[in-house]
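> Build me a structure from this.
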Amino acid sequence: MQRVLFTLGAVLLLLGVIWPWLARTGLGHLPGDIRIERPGLRIYAPFGSTLLISVLLSVLLTVLTWLGRR
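As a prediction, the model looks like this:
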């Protein structure tokens, strides 16, 4: 459990450090991201960004698991 918590903390720290760079990449403004802004209403559904992040994390975790078993 300590290892999982340490890893999760390290990942969150890394994301916090690189967040300003990630904001400049256009993440959140991809095709498939729905943004509706009207007076008194703001809706944001980042479907495209969520899909991209999910695929990247799946590939990364698959590679790490594969390397861990070697």
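
> Please count neighbours and contacts with C-alpha atoms only from this point.
Will do.

> shaky segments in the chain?
Nowhere does the chain drop to pLDDT under 70.

> Okay, the residue nearest in space to the middle of the chain and Thr25: tell me how far apart.
Centroid check for the chain by Cα atoms, centre = their mean gives Ile53 as the closest residue, at 4.5 Å. Using Cα to Cα, to the nearest Å, we find Ile53 at a distance of 13 Å from Thr25.

> cool, Val4 as well?
29 Å.

> which residue ranges form the helices in this structure?
2-24, 47-69 (DSSP state H).

> would TSV of those helices with distance to Glu37 be doable?
Shown next, in TSV, are the helices of the chain (distance: least, Cα to Cα, whole Å):
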stretch	distance to Glu37
helix 2-24	20
helix 47-69	17
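
> Quick check on the residue with the largest distance to the centre of the chain: phi, psi?
Relative to the mean C-alpha coordinate of the chain, counting by Cα atoms, centre = their mean, the farthest residue is Pro39 (29.2 Å). Reported as degrees, to the nearest 10, the phi and psi values for Pro39 are phi -60, psi 120.

> Of all the helices of the chain, which one is nearest Arg35?
Arg35 sits nearest to helix 47-69 of all those, at 10.3 Å, using Cα to Cα.

> Compute the distance between Leu64 and Leu57, please.
10 Å.
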